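> Have a look; sequence and predicted model below, questions after that.
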Amino acid sequence: MNDYKTEFEGKKALITGGSKGIGAATAQRLLDGGATVVVSARSPHEQTPTDAIFIQGDISTLEGATAIAQKALSRLGGLDILVNNVGTTTPKLPGIESITDQDWIDSLIINFMSVVRVTKPLLAALRQSGSGAIVNVSAGGLLPFHGFLAHYGAAKAALDSYTGSLARELPPAGVRVNLVTPGAIKTEGGDEGRKLLATGMGITVDQLFCGIPFVGSVQLKKWLKRLLF
């Protein structure tokens, strides 16, 4: 029996950075499965699912992240699924010596601290769900990046460790915690960053994607279901 349209029925979800790209696609998949979904971002985008509840906010500050969490709980009346998708970086060419002190701090804030700050006020609701799920989207934390992305990789390594700590503490309360580490994915918002990345590696953008296996939508749906149930 195909439960594609009902497998997330009754679930309440928040996706940070959900206005476009991976976040928007994840939001749409949850909506298609019957979930009620809140997406947060600094501004809506043409890719933002029309059936999602949009919350505008700046997750890079403690006040902004807390406000997003509180508004999401208010709109949803609880929470079953949290997808921490926010993340961004700018390659600093030609290499690690080009990364300023502020670059390191900014990367840690948006790629790591934003997750900590938005997750903390939501933990009680996720525990109360009895079948909660947290999915943190990471990349580059397991193996070091080239020097021009060291600030991004370091922040993601911190996120990976934090996710592991959550995964040790929360399962007894019925909350599953997973880390997703996608490779290079073609999204509109990442075009400029990929151009800089390819330049720093001395290759073309097409070569950057060469050899990366294609993952079909059916397999993605199966993976998402395994992460959230």
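Nice, I can see it. Being a predicted model, the structure only gives us computed values, none of them experimental.

> what comes up buried for stretch 111-128?
111-115, 117-119, 121-123, 125-126 (16 or more other C-beta atoms under 10 Å). (Glycine included, C-beta is placed from N, CA and C.)

> ok, which pair from those is furthest apart?
For those, with distances taken as C-beta to C-beta, the pair at the greatest spread is N111 and A125 (23.8 Å).

> rewinding a little: what's the closest of the buried residues of stretch 111-128 to N136?
V115 (6.1 Å).

> hang on, that closest one packs against V83?
No - assessed by C-beta atoms under 8 Å, V115 is found out of contact with V83, at 10.5 Å.

> Overlap in contacts, those two.
Here V115 and V83 have T16 as joint contacts, going by C-beta atoms under 8 Å, 6 or more residues apart in numbering.

> part of a strand, is T119?
No - read with DSSP: H, G, I helix; E, B strand; the rest coil, T119 is helix and lies in no strand.

> Make 53 the starting number, not 1.
I'll keep to 53 as the first residue from here, and by that count the last item is T171.

> mind showing which ranges of the protein have poor pLDDT?
Within the chain, the ranges that satisfy pLDDT under 70 run 53-54, 192-196, 235-245, 260-261, 263-281.

> buried set for the helix or strand hosting S126?
Element membership for S126, per DSSP states H and E: helix 114-128. Across helix 114-128, burial judged by 16+ other C-beta under 10 Å covers G116, A117, T118, A119, I120, A121, K123, A124, L125, L128.

> for these, which one is nearest D55?
L128 (22.1 Å).

> what residues does the helix holding S126 touch?
64, 66, 68, 88, 90, 92, 105, 107, 109-111, 131, 166, 169-170, 172-174, 177.

> Give the next helix or strand downstream of the top helix by length along the chain.
When every helix of the chain is counted residue by residue (DSSP state H), the longest turns out to be helix 202-221. With elements assigned by DSSP H and E, the helix or strand that comes after helix 202-221 is strand 228-232.

> Need the distance between the two termini of stretch 138-149.
Length of stretch 138-149, first residue to last, C-alpha to C-alpha, to the nearest Å: 26 Å.
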